[in-house]
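[1] Could you work out the structure for the sequence below:
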Amino acid sequence: MIKTATTPHLQIALVTIARSTFDVEFAQLMADTVATNLTQANHTLVGTGAELLMDGSAVEDAIATLSSHTFDLVIILQASFADSTMAVQIAEAIRPRGIPLLLWAVPEERSGSRLRLNSLCGINLAGHAFTRHGIDYDYLLAAPDDPTALEKIAILARAGHARRLLRQTRIGLVGQHPVGFETCSYSSETFATLFGAQIVPLPLQHALDRARVASVEQRDAFVQRVAEVADNLNTLDQEGVQGTAGVYVALREYADMEQLDGVAVRCWPEYFTELGCAACGAMSMLNEELTPASCEADIHGTLTLVLLRALSNDHTFITDLVSVDAEDDTATLWHCGLAPISMADPDFPISTTVHSNRRLPLLFEFPLRPGRITIARLSQVHPNQGAAGFQLVVGGGEMVQAPRGFGGTCGTVRFDRPATEVFDTVMREGLEHHFCIVYGDYRAELHAFARLIGLPVVELS
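    Numbering: from 1, shown residues only. Here you go, the predicted structure:
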């Protein structure tokens with residue numbers, strides 16, 4: 001199924017606790033205001049919302065309500081002071097879901113008279129209890145309409161949304177990675193245990209055979225789409241163009257039939273040697289359709305693409321770092337030609353071309369558009385250590401407008417740290433040669449996701 005980029009409504013479970021010995025009317029006002037502001041921020045609220053829960057029985061009913069909903073974040077709003085019993089009940093009930101949990105207290109005016117809510121002390125008590133129970137949490141001390149509070153909630157909810165989606169993720173593996181590419185090695189067991197994701201294997205020969213028998217109508221539909229964005233398609237070898245069209249048909253059918261969230265494809269040498277074409281253009285179109293695709297059968301690379309798409313619901317691209325220029329402090333992120341065409345700089349033409357080494361079509365060729373980017377990689381360099389040796393590489397930078405540095409799809413980036421320092425980190429940490437990018441700044445969400453999974457973070461830039 002071809003997807004389009006839309007902003008999802010994040011699902012937030014709001015549970016409000018209070019105690020009758022405090023100012024109940026004021027506590028209710030705080031709860032109602034929180035619920036209103038979350039709804040106005042385009043979130044979908046589930047749970048008991050602004051209803052004040054004041055005893056264990058009410059909390060049990062709330063937990064039963066939550067059991068029938070999916071959600072990306074749980075907010076326990078401490079509308080007034082209460083002991084930690086109810087908060088722990090809720091936290092223990094949702095713990096198996098692996099969803100972020102946020103304690104929220106509202107500040108109180110120093111009026112010189114009654115302490116009406118004592119909300120801060122409530123989350124202090126709950127936080128201590130959570131720590132003793134080994135429950136991870138975050139917190140807020142903010143007014144119900146504080147924009148920084150709403151931004152933090154969105155960040156945590158996006159991380160929770162990504163965590164929830166990865167637990168349902170199915171990634172197709174077409175063939176095995178080439179010999180000598182340890183960067184693309186994987187363990188199906190670790191994949192399932194740590195991330196909850198599933199690898200769905202497809203024998204390479206089956207994929208090649210399916211590409212060969214794609215119908216003329218299916219191939220023509222792909223060629224027509226390419227011709228709409230690139231005006232030089234007729235200059236390429238048409239037999240090779242038809243070959244790439246068949247590859248797209250086979251991969252698209254595989255993704256739809258198996259309900260895949262992404263694919264990792266052994267793109268060479270067999271597509272060149274057996275079909276006389278490149279797989280790059282087909283994977284570019286999959287990336288454009290929000291079905292993340294990576295080359296060289298890079299499973300962890302594809303999962304990183306899925307992670308970035310889950311956070312942003314936008315197009316993603318797997319790339320090599322191929323050039324570092326110390327003088328102008330930029331670097332080149334490049335790959336043969338599988339970037340989604342939505343990433344193309346509109347001030348430059350999109351062309352089709354042949355693979356730079358194999359001299360066979362079909363690839364796209366364009367520079368990436370300028371703008372803020374986030375860089376990430378689920379990296380496994382110490383497989384015998386905690387979390388199966390995984391770490392999350394996180395970086396950021398600005399894609400600057402520049403002509404293509406090399407053939408294919410590539411961009412000139414100015415990292416948030418000097419480019420030479422970024423490269424030094426890559427080499428000294430022994431990181432993989434593939435990195436993933438998405439437009440926008442999602443570093444905070446990636447840090448929140450890493451905390452949920454229990455992964456250390458390597459700061460790239």
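[2] Low-confidence ranges, this structure, go.
    1-8 (pLDDT under 70).
[3] can you give me the helices in it?
    24-40, 56-66, 85-94, 119-132, 147-166, 188-190, 204-212, 216-229, 238-257, 270-275, 280-288, 299-312, 419-429, 443-453 (DSSP state H).
[4] would TSV of those with mean neighbour count be doable?
    C-beta: built from backbone N, CA, C; applies to glycine. Below are those laid out as TSV (neighbours: other Cβ atoms under 10 Å):
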stretch	mean neighbour count
helix 24-40	18
helix 56-66	16
helix 85-94	20
helix 119-132	19
helix 147-166	21
helix 188-190	13
helix 204-212	17
helix 216-229	15
helix 238-257	21
helix 270-275	18
helix 280-288	27
helix 299-312	27
helix 419-429	16
helix 443-453	21
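[5] Domain map for the chain?
    For the chain, automatic domain parsing gives the domain ranges 11-158, 170-459.
[6] Pipe those into CSV and attach distance to residue 164 per row.
    Converted to CSV, these look like this (distance: least, Cβ to Cβ, whole Å):
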stretch, distance to residue 164
domain 11-158, 6
domain 170-459, 8
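[7] Roughly how far does the residue nearest to residue 80 when sequence neighbours are not counted sit from residue 123?
    Closest residue to residue 80 apart from its sequence neighbours, by Cβ to Cβ, 6 or more residues apart in numbering: residue 22 at 3.8 Å. Look at residue 22 and residue 123: by Cβ to Cβ, to the nearest Å, they are 14 Å apart.
[8] same thing with residue 29?
    Here residue 29 is placed at a distance of 18 Å from residue 123 (Cβ to Cβ).
[9] swap in residue 188?
    41 Å.
[10] What of residue 446?
    26 Å.
[11] same deal with residue 192?
    In terms of Cβ to Cβ, residue 192 sits 35 Å off from residue 123.
[12] what do you get for residue 275?
    60 Å.
[13] what does stretch 266-276 contact?
    174-178, 204, 208, 211-212, 239-240, 243, 246-247, 277-280, 283, 295-297, 355, 358, 360 (Cβ atoms under 8 Å, 6 or more residues apart in numbering).
[14] Just the endpoints, please. Distance across that stretch?
    15 Å (Cα to Cα, to the nearest Å).
[15] And stretch 158-176, by the same measure?
    32 Å.
[16] For it, what is the distance to the chain centroid?
    How far stretch 158-176 lies from its chain's middle: 9 Å, per Cα atoms, centre = their mean, to the nearest Å.
[17] Then stretch 27-35?
    For stretch 27-35, the distance to the chain centre is 32 Å (Cα atoms, centre = their mean).
[18] residues contacting residue 429?
    So residue 429 contacts 379, 381, 393, 458 (Cβ under 8 Å, 6+ apart).
[19] Tell me the buried residues within those.
    379, 381, 393, 458 (16 or more other Cβ atoms under 10 Å).
[20] mind checking how far residue 348 is from residue 228?
    17 Å.
[21] Residue 435 now?
    Using Cβ to Cβ, which is the criterion applied here, residue 435 is 30 Å from residue 228.
[22] Run through the bridge partners of residue 199.
    Counting by DSSP bridges, residue 199 forms beta bridges with residue 171.
[23] for residue 411, same thing?
    residue 333.
[24] now swap in residue 294 and tell me
    residue 264.
[25] Look at it and say how many residues are nearby.
    Using other Cβ atoms under 10 Å, residue 294 is surrounded by 30 other residues.
[26] ok, now how distant is it from residue 94?
    33 Å.
[27] Off-centre distance for stretch 243-250?
    27 Å.
[28] can you dump the C-alpha coordinates of that stretch into PDB?
    Extracted in PDB, the C-alpha atoms of stretch 243-250 (Å, rounded to 0.1, in the frame of the first residue of the first chain):
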ATOM      1  CA  GLY A 243      14.400  -4.200 -15.500                       C
ATOM      2  CA  THR A 244      14.300  -1.600 -12.700                       C
ATOM      3  CA  ALA A 245      10.600  -1.300 -13.300                       C
ATOM      4  CA  GLY A 246      10.300  -5.000 -12.700                       C
ATOM      5  CA  VAL A 247      12.300  -4.800  -9.500                       C
ATOM      6  CA  TYR A 248      10.000  -2.100  -8.200                       C
ATOM      7  CA  VAL A 249       6.900  -4.200  -9.000                       C
ATOM      8  CA  ALA A 250       8.400  -7.200  -7.200                       C
END
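[29] Let me see the contact set for residue 192.
    By Cβ under 8 Å, 6+ apart, the contact list for residue 192 reads residue 198.
[30] right, I mislabeled it, should have said residue 154
    Counting by Cβ under 8 Å, 6+ apart, residue 154 has contacts 10, 41, 43.
[31] is it true that the last one touches residue 12?
    When you say that, I think you mean residue 43. Yes - Residue 43 is in contact with residue 12 according to Cβ atoms under 8 Å; the separation is 4.8 Å.
[32] At which residues are the strands of the stretch 251-400 of the chain located?
    For the stretch 251-400 of the chain, the strands defined by DSSP state E, counting those that start in this stretch cover 262-265, 293-294, 316-325, 330-335, 351-354, 361-367, 371-380, 390-400.
[33] looking at the ones you listed, which is buried most?
    strand 293-294 (a mean of 31; mean count of other Cβ atoms under 10 Å).
[34] starting at the chain centroid, how far to that strand?
    The answer for strand 293-294 is 14 Å, by Cα atoms, centre = their mean.
[35] Check stretch 193-200 too.
    The answer for stretch 193-200 is 15 Å, by Cα atoms, centre = their mean.
[36] Now tell me what touches that stretch from outside.
    By Cβ under 8 Å, 6+ apart, stretch 193-200 touches 166-173, 186, 188, 191-192, 258, 260, 299, 303, 306, 387-388, 390, 453.
[37] can you give me the end-to-end distance of it?
    Stretch 193-200 end-to-end distance (Cα to Cα) = 15 Å.
[38] Pull out the buried positions in it.
    194, 195, 196, 197, 198, 199, 200.
[39] could you check the distance from the fourth one over to residue 287?
    Residue 197 is 18 Å from residue 287, where distance means Cβ to Cβ.
[40] Next: the first one.
    Residue 194 is 25 Å from residue 287, where distance means Cβ to Cβ.
[41] who's in contact with residue 444?
    With the criterion set at Cβ under 8 Å, 6+ apart, residue 444 makes contact with residue 155.
[42] Residue 255 contacts residue 172, doesn't it?
    Yes - using Cβ under 8 Å, residue 255 is in contact with residue 172, at 6.4 Å.
[43] Need the overlap of contacts for those two.
    residue 263.
[44] contacts for stretch 171-183?
    184-185, 197-204, 207, 251, 254-255, 258, 260-266, 268, 270, 296-299, 302-303, 306, 432-434.
[45] ugh, wrong one, I meant stretch 211-224
    Taking Cβ under 8 Å, 6+ apart as the rule, stretch 211-224 contacts 233, 241-250, 275, 282, 285.
[46] now do 10 Å
    With contact meaning Cβ atoms under 10 Å, 6 or more residues apart in numbering, stretch 211-224 is reached by 233, 238, 241-253, 271, 274-275, 277, 279, 281-282, 285, 362.
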